[in-house]
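In: just coords:
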């Protein structure tokens with residue numbers, strides 16, 4: 001009844017649940033559809049029906065039987081496609097988006113929603129939950145790390161809250177690692193490639209006694225950076241990660257088991273450079289825009305073509321990202337059901353250093369927000385299955401502490417770059433040189449919930465599934481920024497200053513202190529109806545009313561005319577989500593083909609949007625509520641395996657998205673900057689370059705950021721039996737492609753930050769045997785496509801746009817074995 005008595009094994013690319021005692025490793029076959037909404041179940045080699053088993057509803061069942069949009073990627077697909085982290089996984093999943101300028105400033109979206117686009121704000125929740133072995137990971141920075149000893153990954157689309165510990169309004173990524181085995185087993189894999197790519201993976205498992213089994217896994221990746229920093233003669237934006245995971249299983253009785261797990265992950269590559277991408281015109285005076293400012297210093301970037309992959313950033317770059325934790329899972333058969341307890345502790349240690357002027361000039365010489373987080377979670381669930389009814393009820397508790405000690409320091413070029421050249425102070429480097437902000441940021445975050453879901457089998461074909469969740473959230477924050485100048489003097493409100501130097505300094509870095517508070521109850525619920533139209537065809541419809549917790553602003557807020565923080569901006573209202581979905585799941589041709597369709601319509605009121613204030617020289621994101629956004633679309637996932645020799649898949653999504661109403665949004669750079677002249681100066685007259693531009697803009701009807709209207713993934717694999725190196729096996733050739741159309745890379749759409757659509761192609765060719773030996777060569781980005789992952793508006797409205805070029809063509813060789 002409960003999943004601890006099963007393990008997942010790959011048979012010809014099909015994930016099966018088999019009794020633990022019978023879990024011998026079978027011969028690997030062609031990789032199943034990489035995330036072909038596999039809901040799809042590829043057939044067994046003999047043409048019999050196989051099934052992909054998932055735990056999306058907290059019990060083991062065929063994905064085709066789950067009335068939910070869910071994509072499944074097994075371990076073989078992850079390895080064959082080189083999808084060893086979430087960033088790479090998104091190429092296999094059209095409706096999964098991952099954006100990261102560094103591990104802290106990362107976001108995962110499903111169907112385009114989940115987290116505000118831009119700088120991370122610790123005071124809000126993610127809309128997409130990450131679960132590893134049923135443990136909730138609150139820090140999205142975990143998504144930048146390598147997968148360690150993964151068995152399979154389920155991507156659940158749509159609100160998840162009536163079955164999962166933490167409420168998530170956009171979806172969840174449910175990761176399952178390989179469990180300890182009572183049969184001795186091991187596996188090892190080594191990859192080498194260009195750019196100095198080196199990757200090693202290994203795991204071993206076996207019994208310590210008749211009741212105790214252990215498993216240990218390791219993954220390490222290293223690669224030279226893709227950007228050359230001519231200022232430091234260093235390659236940056238590389239890979240340098242190590243991950244360790246261990247698990248101990250104790251079967252105390254036939255009905256009771258405990259699993260103790262622990263993991264440690266470290267990422268410490270020279271990172272993360274955002275480089276010159278382009279320049280656009282803003283509303284600032286021409287003398288205050290990038291071309292004139294650069295000319296004043298006689299400065300030019302080493303290249304104005306981002307795909308030359310060079311930069312001259314002069315500040316130290318660092319992105320040390322450390323995560324780890326322990327968990328204890330107890331599973332107990334009680335009466336006709338099963339009881340599960342999941343207790344976990346996790347920590348995160350973030351040690352960054354950034355260049356936030358995005359040039360080789362000493363404008364901002366230090367910008368960093370080192371952060372330490374601790375979180376504790378406890379979940380209890382009881383599940384029972386019956387002939388006509390099944391149910392899951394649970395309780396979840398979450399507590400988190402975040403402590404950030406940040407700093408920003410201006411350099412010798414800051415005065416000329418940040419103060420209006422009409423002000424004589426702009427010619428005095430000492431005015432801003434050494435200007436320093438020391439930030440103390442804190443958050444105590446508590447979340448408690450009761451949840452449950454009922455399944456009623458009304459007939460053999462019709463099932464009704466209601467769910468409900470009661471949630472309480474409480475957040476207590478603190479934001480303190482103390483500013484001193486190069487002489488050690490405190491910088492105070494400029495309105496009370498007769499000292500023009502202090503006034504100029506205040507215009508660049510302003511001190512601020514406030515303690516935001518938020519607490520609220522909310523009730524979420526959903527209802528799903530499913531009907532079996534035929535033995536292998538199921539239709540379903542879902543309505544979900546969900547909430548994303550309100551939050552507190554912990555990146556600073558705007559100030560009033562007296563220099564006091566606007567406390568009303570210190571908190572953000574909860575998002576209110578109405579989600580509608582219909583779907584069809586089908587298999588045909590003796591279950592050799594799967595076609596799944598879904599249509600969805602999601603409306604969010606009080607959408608939490610990340611904005612940037614107009615304070616000169618400050619890159620400070622804070623949150624505000626957009627009145628209403630809408631995301632709606634159609635998804636299709638097709639998977640076919642006409643023979644043991646050939647598999648193919650094609651997945652596609654059309655997503656229509658817009659701000660339905662957002663009348664006080666931040667303006668795009670084309671319209672921004674006119675109201676912010678240099679320190680001590682007034683804006684130019686309206687209608688002239690640098691004239692008064694609106695403080696806010698109405699962007700109703702415009703695109704949401706990060707969403708392509710069209711997205712596809714597709715591929716195929718062919719294999720042929722051969723005898724090679726004295727081994728019976730098969731040669732295989734595989735192709736995986738993806739495409740996404742144009743999308744906006746700014747909270748308010750701008751012509752300067754639209755990213756053009758692009759297609760990527762990956763291939764692999766190799767030889768494998770039934771005993772687990774696999775040797776193959778691979779090429780990613782086969783045609784060396786130039787594309788941007790992100791474009792960003794830099795601080796100060798100078799018109800400079802920074803960007804992150806996607807990886808160039810990479811290639812290498814992998815050898816793997818099982819024993």
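Out: That came in fine, so what should we check first? This is a predicted model, so every value here is computed, not measured.
In: would you map the helices across the stretch 151-300 of the chain?
Out: Using DSSP state H, counting those that start in this stretch, the helices assigned to the stretch 151-300 of the chain run over residues 290-296.
In: all strands for it, in order.
Out: Secondary structure of the stretch 151-300 of the chain by DSSP state E, counting those that start in this stretch: the strands cover 171-177, 185-193, 197-207, 212-223, 227-229, 234-236, 239-251, 256-267, 275-279.
In: may I see those organised as a markdown table, with mean pLDDT, distance to residue 325 and mean neighbour count added?
Out: C-beta: built from backbone N, CA, C; applies to glycine. Rendered in a markdown table, the data for those read as follows (pLDDT from 0 to 100; distance: least, CB to CB, whole Å; neighbours: other CB atoms under 10 Å):
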| stretch | mean pLDDT | distance to residue 325 | mean neighbour count |
| --- | --- | --- | --- |
| strand 171-177 | 93 | 13 | 23 |
| strand 185-193 | 97 | 24 | 17 |
| strand 197-207 | 97 | 19 | 18 |
| strand 212-223 | 97 | 15 | 20 |
| strand 227-229 | 97 | 32 | 22 |
| strand 234-236 | 96 | 29 | 19 |
| strand 239-251 | 97 | 10 | 20 |
| strand 256-267 | 97 | 6 | 19 |
| strand 275-279 | 96 | 34 | 22 |
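In: what's the closest of those strands to residue 318?
Out: Ranking the strands of the stretch 151-300 of the chain by distance to residue 318, with CB to CB as the measure, places strand 234-236 first at 10.0 Å.
In: residues touching the closest one, excluding its own?
Out: For strand 234-236, contacts defined as CB atoms under 8 Å, 6 or more residues apart in numbering pick out 224-229, 270-273, 311, 313, 317.
In: counting neighbours, which of the residues you listed comes out on top?
Out: In terms of neighbours by other CB atoms under 10 Å, the contacts of strand 234-236 top out with residue 311 at 28 neighbours.
In: quick one: residues contacting that one.
Out: Applying CB under 8 Å, 6+ apart to residue 311 gives the contacts 227-231, 236, 273, 275-276, 301-302, 360.
In: do that again at 7 Å, thanks
Out: By CB atoms under 7 Å, 6 or more residues apart in numbering, the contact set of residue 311 is 227, 229, 273, 275, 302.
In: also residue 599?
Out: Neighbours of residue 599 in contact, by CB under 7 Å, 6+ apart: 581-582, 634.
In: 6 Å instead?
Out: Taking CB atoms under 6 Å, 6 or more residues apart in numbering, we find residue 599 in contact with 582, 634.
In: sheet partners, orientation included, of the helix or strand containing it?
Out: The secondary structure element spanning residue 599 is strand 593-612 (assigned by DSSP states H and E). For strand 593-612, the pairing partners within the sheet under DSSP bridges are strand 575-588 (antiparallel), strand 621-643 (antiparallel).
In: now flag whichever of the contacts of strand 234-236 is closest to residue 762.
Out: Ranking the contacts of strand 234-236 by separation from residue 762, with CB to CB as the measure, puts residue 226 on top at 16.7 Å.
In: I'd guessed that closest one sits against residue 237; true?
Out: Yes: the pair residue 226 and residue 237 passes the contact test of CB atoms under 6 Å, sitting 5.3 Å apart.
In: out of the strands of the stretch 151-300 of the chain, which gets nearest to residue 403?
Out: The closest of the strands of the stretch 151-300 of the chain to residue 403 is strand 256-267. By CB to CB, the value is 19.8 Å.
In: about what we covered before: pick the one among the contacts of residue 311 closest to residue 346.
Out: Using CB to CB, the shortest approach to residue 346 within these belongs to residue 273, at 28.8 Å.
In: residues in contact with the closest one?
Out: Applying CB under 6 Å, 6+ apart, one finds that residue 273 lies in contact with 227, 236-237, 311, 313.
In: for stretch 519-532, buried residues please.
Out: The neighbour-count check on stretch 519-532 (16 or more other CB atoms under 10 Å) flags 522, 524, 526, 528-530, 532 as buried.
In: mind listing what residue 765 touches?
Out: With contacts taken as CB under 6 Å, 6+ apart, residue 765 has the following neighbours: 733, 777.
In: that one looks like it's in a strand, true?
Out: Yes: the assignment for residue 765 (DSSP: H, G, I helix; E, B strand; the rest coil) places it in a strand.
In: how much space between it and residue 376?
Out: Between residue 765 and residue 376 the distance is 48 Å, computed by CB to CB, to the nearest Å.
In: what are the contacting residues of stretch 101-118?
Out: Judged by CB under 6 Å, 6+ apart, the contacts made with stretch 101-118 from elsewhere in the structure are 95-100, 119-120, 126-128, 140-141, 143-144, 157, 170-171, 272, 319, 321, 350, 608-610, 621, 631, 655, 657, 704-707, 747.
In: and the average pLDDT for that stretch is what?
Out: Here stretch 101-118 scores 86 as its mean pLDDT.
In: got it, and stretch 554-569?
Out: If you average the per-residue pLDDT over stretch 554-569, you get 82.
In: got the end-to-end distance for it?
Out: Distance between the two ends of stretch 554-569: 10 Å, counting by CA to CA, to the nearest Å.
In: how about that stretch: buried residues?
Out: When neighbours are counted by 16+ other CB under 10 Å, the buried residues of stretch 554-569 are found to be 554-559, 563, 565, 569.
In: out of the contacts of strand 234-236, flag the one nearest to residue 151.
Out: Within these, proximity to residue 151 (CB to CB) peaks at residue 271, which comes in at 29.1 Å.
In: which parts of the stretch 1-150 of the chain are helices?
Out: Secondary structure of the stretch 1-150 of the chain, counting by DSSP H, counting those that start in this stretch: helices at 75-80, 86-89.
In: among those helices, which is the most enclosed?
Out: Of all those, helix 75-80 has the most neighbours on average by mean count of other CB atoms under 10 Å, namely a mean of 24.
In: check which helices and strands that helix sits against.
Out: strand 150-157 (3 or more CB pairs under 6 Å, 6 or more residues apart in numbering; DSSP states H and E).
In: thinking again about what came up before, tabulate the strands of the stretch 151-300 of the chain (a markdown table), appending distance to residue 779.
Out: Listed next are the strands of the stretch 151-300 of the chain as a markdown table, based on distance: least, CB to CB, whole Å:
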| stretch | distance to residue 779 |
| --- | --- |
| strand 171-177 | 27 |
| strand 185-193 | 9 |
| strand 197-207 | 12 |
| strand 212-223 | 15 |
| strand 227-229 | 21 |
| strand 234-236 | 21 |
| strand 239-251 | 17 |
| strand 256-267 | 25 |
| strand 275-279 | 25 |
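In: can you say which of these is nearest to residue 761?
Out: Taking CB to CB as the criterion, strand 185-193 is the member of the strands of the stretch 151-300 of the chain that comes nearest to residue 761, at 16.6 Å.
In: who wins for proximity to residue 626 among the strands of the stretch 151-300 of the chain?
Out: With CB to CB as the criterion, residue 626 lies closest to strand 171-177 of the strands of the stretch 151-300 of the chain, at 20.2 Å.
In: least trustworthy helix or strand in the protein by mean pLDDT?
Out: Of all the helices and strands that make up the chain, the one with the lowest confidence by mean pLDDT, DSSP states H and E is strand 6-11; it has a mean of 29.
In: to residue 423, which of the strands paired with strand 593-612 lies closest?
Out: Residue 423 lies closest to strand 621-643 among the strands paired with strand 593-612, at 27.4 Å (CB to CB).
In: looking at the strands of the stretch 151-300 of the chain, which is nearest to residue 729?
Out: Nearest to residue 729 among the strands of the stretch 151-300 of the chain is strand 185-193 (16.7 Å), distances taken as CB to CB.
In: tell me the angle the closest one makes with strand 197-207.
Out: Relative orientation of strand 185-193 versus strand 197-207 (axes from the mean of the first three to the mean of the last three CA atoms, to 10 degrees): 180 degrees.
In: packing partners of strand 185-193?
Out: In terms of contacts (3+ CB pairs under 6 Å, 6+ apart), strand 185-193 is packed against strand 197-207, strand 810-818.
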